[in-house]
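K.L.:
Provided below are the primary sequence and the corresponding predicted coordinates.
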Amino acid sequence: MGESRQQYSDEFKEKTVQYIQEQTKSVPQIAEELNIPAETLHQWLAKHRKFENEPLVDREAIRQKDHRIEEQATEIEDLKEEIAILKKAMHFFSKERK
């Protein structure tokens with residue numbers, strides 16, 4: 001005998017598509033999470049997709065953010081070094097002289 005197929009309401013499909021659009025995970029990851037075949041989710045996306053909820057993923061923007069993060073990490077290290085120097089200077093100058 002054939003295997004019975006799971007039926008989903010249009011409301012469930014639309015909410016699932018909205019969920020997919022709000023996530024940064026891939027469709028196969030979400031398919032595994034929801035226990036629904038990835039091909040089924042792709043079909044739902046094609047039918048129910050609304051672009052206002054979808055995050056904009058731009059490779060150039062990601063590269064710029066990565067570069068900025070690297071710059072900030074370097075700046076943080078420089079500031080930590082300056083703080084360490086200032087602490088040593090404060091300790092040196094705060095000693096009483098005899």
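P.N.:
Looks like it came in fine.
K.L.:
Show me how far the host helix or strand of Thr16 is from its chain's centre.
P.N.:
Using DSSP states H and E, Thr16 sits in helix 10-22. In terms of C-alpha atoms, centre = their mean, to the nearest Å, the centre of helix 10-22 is found 19 Å from the chain centre.
K.L.:
So what touches that helix?
P.N.:
Helix 10-22 is touched from outside by 8, 27, 30, 34, 36, 41, 44-45, 47-50, 53-55, with contacts defined as C-beta atoms under 8 Å, 6 or more residues apart in numbering. Backbone N, C-alpha and C define where each C-beta goes, glycine included.
K.L.:
And the pLDDT for the spatially most central residue of the chain?
P.N.:
By C-alpha atoms, centre = their mean, the chain has its centre lying nearest to Thr24, at 5.7 Å. pLDDT for Thr24: 79.
K.L.:
mind listing the strands in the protein by residue range?
P.N.:
Along the chain, no stretch is classed among the strands by DSSP state E.
K.L.:
care to break it down by domain?
P.N.:
Domain assignment for the chain, taken from automatic domain parsing, gives 8-55, 57-98.
K.L.:
any low-confidence regions in the protein?
P.N.:
For the chain, the stretches flagged by pLDDT under 70 are 1-3, 51-58, 98.
K.L.:
can we see that at 80?
P.N.:
1-5, 24, 49-62, 96-98 (pLDDT under 80).
K.L.:
quick one: the helices in it?
P.N.:
Taking DSSP state H, the helices of the chain run over residues 10-22, 27-34, 38-48, 59-94.
K.L.:
separation between the residue nearest to the centre of the chain and Asn35?
P.N.:
The gap separating Thr24 from Asn35 is 20 Å, by C-beta to C-beta, to the nearest Å.
K.L.:
related to what we said a few turns ago, deepest-packed of the domains of the chain, please.
P.N.:
Comparing those by mean neighbour count (mean count of other C-beta atoms under 10 Å), domain 8-55 ranks first with a mean of 13.
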